[in-house]
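here's my sequence, what's the structure:
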Amino acid sequence: MENGQFRVLPRRTGHLLLSVTMTVGLTTLPVQAQTVSPEDSWNPPRTAWDVPDLQGIWTNATLTPVERPEGLGARAQLSNEEAVELEVQSAEDREASDRFIPGVVGAYNQFWMDQGTTVVGSRHTSLVVDPPDGRIPWSANGRTRLQTDTGKYGVGPFDSWVDADTGERCLTDGLPLVPLQGYNMNTHILQAPGWVAILNEMFHEYRLIPVDGRPHAADGIGQWLGGGRGHWEGNTLVVESTDFADKNHYLWRATWRAARTSLHLIERFSRVTEDTIDYEFTMTDPQMFTDPWTALIPMTTDHSSRGVTSGPMYEYACHEGNYGLMNILRGARAQESR
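Sure, this is the predicted structure:
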């Protein structure tokens with residue numbers, strides 16, 4: 001619609017960027033939970049060793065962007081009509097994206113995509129809930145890095161494989177668990193006494209997190225996904241991750257997810273209904289952000305409600321047959337020889 005149109009635009013491979021032009025009145029709405037508050041009366045099922053049962057295959061697929069589009073200003077929520085229009089337009093854009101354009105190589109078609117077809121149930125305009133403007137509070141250093149990375153993405157130079165981002169290299173997209181890539185947006189959670197295993201479908205990477213009170217590893221032992229330690233606060237699993245490896249010099253699909261020694265990540269998993277976990281994370285890094293910031297993403301086992309594929313989660317063997325990266329380098333060499 002004119003004068004208030006939401007547009008879902010492709011961004012990189014499988015990314016969605018919500019572009020908004022608004023001339024309707026803006027109303028500031030209080031930030032609130034995306035789904036059901038953990039303090040509500042519903043009690044989650046419990047394991048045989050009497051802790052909340054978080055097990056299952058959960059998807060975080062959604063059309064809601066991580067950050068609120070700047071054109072929405074102070075608006076924290078969409079109206080019902082706007083949400084429906086966004087979802088309809090997204091479906092139309094997906095169909096249009098599969099049309100063959102002569103001379104354009106393109107990337108994955110929609111057969112491979114599974115990014116979801118709905119916004120979050122609360123109709124919030126961003127997954128970021130704090131600060132209230134729904135935007136990542138970049139520091140001057142962080143914003144400079146973001147602009148540098150954005151300028152290089154898909155442009156090069158491609159002198160080496162390290163010029164490709166960590167996802168294209170089949171390494172990792174980092175933490176936290178956010179719906180950015182357009183496919184493989186499932187997380188399999190398993191539990192045992194004193195342990196929680198979190199298997200991320202993308203790159204088939206997992207974290208084995210102790211929930212037995214042990215301290216973090218000694219300083220200097222850095223890991224791509226950090227060293228997570230969990231504990232329970234009522235019915236909420238809290239995972240604190242530090243000890244990230246120093247990999248900030250690489251190009252990352254999302255700059256704010258880069259592994260770096262200054263990062264401190266807290267994740268909270270609260271099962272608020274039979275088929276919903278509220279996944280909340282807070283990132284603290286004075287080198288990249290002016291303040292800590294928080295996002296809230298409802299994950300569900302009801303895949304049909306998000307318009308995504310259900311069923312068992314198979315291994316994503318990214319490295320096998322990853323000829324894309326090799327061809328990027330070949331193409332760059334061919335271009336240089338002209």
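
hey, let's count contacts and neighbours off CA atoms from now on
Will do.

where does pLDDT dip in the stretch 101-250 of the chain?
Applying pLDDT under 70 to the stretch 101-250 of the chain picks out residues 104-106.

strands along that one, start to end?
Under the criterion DSSP state E, counting those that start in this stretch, strands of the stretch 101-250 of the chain are mapped to 128-130, 186-192, 195-200, 205-210, 227-233, 236-242.

which of those strands is buried the deepest?
Most buried of the strands of the stretch 101-250 of the chain, by mean neighbour count (mean count of other Cα atoms under 10 Å): strand 128-130, with a mean of 24.

for it, packing partners?
Counting contacts by 3 or more Cα pairs under 8 Å, 6 or more residues apart in numbering; DSSP states H and E, strand 128-130 packs against strand 293-300.

before we move on, back to that, quick one, which of the strands of the stretch 101-250 of the chain gets closest to Q55.
strand 186-192 (4.8 Å; Cα to Cα).

the inter-axis angle of that closest one versus strand 195-200?
170 degrees (axes from the mean of the first three to the mean of the last three Cα atoms, to 10 degrees).

who does strand 186-192 pair up with?
strand 56-59 (antiparallel), strand 195-200 (antiparallel) (DSSP bridges).

need the ones you listed in JSON lines (columns: distance to E336).
Converted to JSON lines, the strands paired with strand 186-192 look like this (distance: least, Cα to Cα, whole Å):
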{"stretch": "strand 56-59", "distance to E336": "43"}
{"stretch": "strand 195-200", "distance to E336": "38"}
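
out of those strands, which gets nearest to I277?
Across those, I277 has its closest neighbour in strand 56-59 (8.1 Å, Cα to Cα).

starting at the chain centroid, how far to that closest one?
When distances are taken as Cα atoms, centre = their mean, to the nearest Å, strand 56-59 is centred 15 Å away from the chain's centroid.

list the buried ones in that strand?
I57, W58, T59 (16 or more other Cα atoms under 10 Å).

again with stretch 286-304
Going by 16+ other Cα under 10 Å, stretch 286-304 has these buried residues: 286, 288-303.

stretch 313-331 now?
In stretch 313-331, counting by 16+ other Cα under 10 Å, buried: M313, L325, I328, L329.

residues contacting the first one?
Right, the one you point to is M313. Applying Cα atoms under 8 Å, 6 or more residues apart in numbering to M313 gives the contacts I57, N186, H188, E201.

quick check: chain neighbours aside, which residue is closest to the third one?
Yep, that's H188 we're talking about. I57 (4.4 Å; Cα to Cα, 6 or more residues apart in numbering).
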